[in-house]
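**Q** Structure for this input, please:
(4 chains)
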2 protein chains.
Amino acid sequence: MLKHADHPDHPDHPDHPDTNRPDNEGTGRRAGLDHADIIEGALALVEAGGPAALTMRKLATELGVSTTTIYWHAGGRDDIVTSVIKLMSQRLAHTPVDGTLAPDRVMSAARHVWESALAHPEVTSLAHQHRSTSLLELDLEIVLARELAAAGLGGESARNALRAILISVGGFLVLALRDESAINDEHTSHALWAGVDDPGIDPSTIESLTHPVDLHALFETTVRAVVDHYVPAQESRS
Amino acid sequence: MLKHADHPDHPDHPDHPDTNRPDNEGTGRRAGLDHADIIEGALALVEAGGPAALTMRKLATELGVSTTTIYWHAGGRDDIVTSVIKLMSQRLAHTPVDGTLAPDRVMSAARHVWESALAHPEVTSLAHQHRSTSLLELDLEIVLARELAAAGLGGESARNALRAILISVGGFLVLALRDESAINDEHTSHALWAGVDDPGIDPSTIESLTHPVDLHALFETTVRAVVDHYVPAQESRS
DNA sequence: ACCTGAACACCGTTCAAGT
DNA sequence: ACCTGAACACCGTTCAAGT
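**A** Alright, predicted model coming up:
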């Protein structure tokens, strides 16, 4: 599938992106383009204009290079997207978890996933479209798993707790990112409820549903409910 | 493929699609194409090949018509997508809610959202891409709201419960639909965990995380936890 | 080893023109 | 009122060819 021959470097995950530029004056190189440069440029495009702005041609002109050069260095759009996500993944700050009780610490880890995604909405959308959110979040997932382990969960019960929590966070992210790009949306849920008239629902409730929710507050109580359901309340080590 | 006729304007929202057929033999018409025919054809394309298969040109050749005819009758791709979602929305069966206790009935309504989405994964994906899931689900949302009202919730507390439940269901749907089209995905969460080695997590837990979850079982317990957190446990009126 | 231009097979959308 | 072909401005990707 990937057929840009034998390229010596071209690493799968650039562990620390090379920012130093080895000077290649006098060699056959013309543009002196690096894999890392391309991914950085791609990331810039995404952060500036969303996933749709990441175009082979835009990226090429941005870098002052022809489209096909991109293919040689970094593969097709799919490969580039994967690399962008990996790059962002390692840039996600590993803020330490806080709290002393196990559920507090697990909640804190879950909040890290939520907040780091909100800090980079465009890349998160890109990852979501590319079906590789967990590639973006893996390090945060590991932090969460550690807290679950410290809380005394293991094996299947740890797995179920982890997945349930991440799925809940994911649900909130979908909505948060949808509202982010809400210039056009006239069929959001609260907009649609404005046209509802149902005898089984009292008017004050319908009125309430007409307004958007405070997502952050709802996140706290809902994800907390999920955490409390899966994580026993005794104290945690560490 | 039914040939309908005389659709004077192309309405923005066909509230109930005209199925009656005024005959127009002898007019200048060639194809006798109807708005409803187009939307039906679009729906067929989506269900057969997913959201990406819904293409103006494919739809046109499918209907034996030129691309521009589609525009005349039904507008651009965006309008067609909206119409497809509205069509599917009214086709979603209103299975009656069961259970006698309030949380059971609310849970049953939530399950309807989940199951009717799973029954039409491609259209659900389309709605999700188009950021109009709630357009697809509105009737099911109303059913859920009725049960919350019957459970004694109103105003903001009803709204919070409704949103929290729908967000949780949405999180599960994202994952379920992602796994649906999992021919390529080598960076799903459980695939990525195969490469993790962390001293803070015991090996049996990591091993567990290597395998996919039983989403249906996890749905039941997790959404139930959310429902129980928001819905008081006293009995509900019918 | 690195980079290019041209070309292919697609998109959505518009518009002058036909009947 | 209805339908068409041609054209525009985009896509991702491939490939022979240059240095």
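
**Q** next one: phi and psi at residue A:187?
**A** Residue A:187 adopts backbone torsions of phi -120, psi 50, taken as degrees, to the nearest 10.

**Q** Verify the stated contact: it with residue B:135.
**A** Yes: the pair residue A:187 and residue B:135 passes the contact test of C-beta atoms under 8 Å, sitting 4.4 Å apart. Placement of C-beta: from N, CA and C, glycine included.

**Q** which residues do those two both contact?
**A** Both residue A:187 and residue B:135 are in contact with residue B:82, where contact means C-beta atoms under 8 Å, 6 or more residues apart in numbering or on different chains.

**Q** in whichever helix in chain A runs longest, what's buried?
**A** Longest helix in chain A by number of residues, with DSSP state H as the criterion: helix A:155-180. Of the residues in helix A:155-180, A:156-178 count as buried by neighbour count, 16 or more other C-beta atoms under 10 Å in any protein chain shown.

**Q** Tell me the spacing between the most centrally placed residue in chain A and residue A:132.
**A** Taking C-alpha atoms, centre = their mean, the centroid of chain A lies closest to residue A:124, which sits 3.4 Å from it. The gap separating residue A:124 from residue A:132 is 11 Å, by C-beta to C-beta, to the nearest Å.

**Q** could you show me where the helices are in chain A, in order?
**A** For chain A, the helices identified by DSSP H occupy A:35-49, A:56-63, A:67-74, A:77-91, A:102-119, A:121-129, A:133-150, A:155-180, A:189-192, A:203-210, A:215-230, in order along the chain.

**Q** where does chain A have its least confident helix or strand?
**A** Taking mean pLDDT, DSSP states H and E as the measure, the helix or strand of chain A with the lowest value is helix A:189-192, at a mean of 91.

**Q** Domain-wise, how is chain A divided?
**A** The record's domain split for chain A, according to automatic domain parsing, is A:27-75, A:96-230.

**Q** Return the most buried member of those.
**A** Across the domains of chain A, averaging neighbours per residue (mean count of other C-beta atoms under 10 Å in any protein chain shown) puts domain A:96-230 on top, at a mean of 19.

**Q** Nearest to chain B: which residue in chain A?
**A** In chain A, the residue that lies nearest chain B is residue A:171 (2.8 Å; C-beta to the nearest C-beta).

**Q** Now for that residue: which residues touch it?
**A** Shown in contact with residue A:171 (C-beta under 8 Å, 6+ apart): B:167, B:168, B:169, B:170, B:171, B:172, B:174.

**Q** out of the helices of chain A, which comes closest to residue B:85?
**A** The minimum distance between residue B:85 and the helices of chain A falls on helix A:189-192, with 11.7 Å, by C-beta to C-beta.

**Q** So the closest one, near chain B or not?
**A** Yes: counting by C-beta under 8 Å from any C-beta of the partner chain, chain B is contacted by helix A:189-192 at A:189, A:192.

**Q** residues in contact with that helix?
**A** Contacts to helix A:189-192, defined as C-beta under 8 Å, 6+ apart, come from residues A:185, A:209, A:210, A:211, A:212, A:213, B:134, B:135, B:138, B:141, B:163, B:166.

**Q** now swap in stretch A:82-92 and tell me
**A** For stretch A:82-92, contacts defined as C-beta under 8 Å, 6+ apart pick out A:12-15, A:17, A:35, A:39-40, A:42-43, A:46, A:54, A:74, A:116, A:120, A:123, A:126-127, A:130, A:132, A:135-140, B:187.

**Q** go with 7 Å
**A** Outside stretch A:82-92, the residues that touch it by C-beta atoms under 7 Å, 6 or more residues apart in numbering or on different chains are A:13-14, A:17, A:39, A:42-43, A:46, A:74, A:116, A:120, A:123, A:126-127, A:130, A:132, A:135-136, A:138-140.

**Q** any chance of the helices of chain A in TSV, plus distance to residue B:98?
**A** What follows is the helices of chain A, written out as TSV (distance: least, C-beta to C-beta, whole Å):
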stretch	distance to residue B:98
helix A:35-49	46
helix A:56-63	53
helix A:67-74	54
helix A:77-91	43
helix A:102-119	33
helix A:121-129	34
helix A:133-150	34
helix A:155-180	24
helix A:189-192	25
helix A:203-210	23
helix A:215-230	23
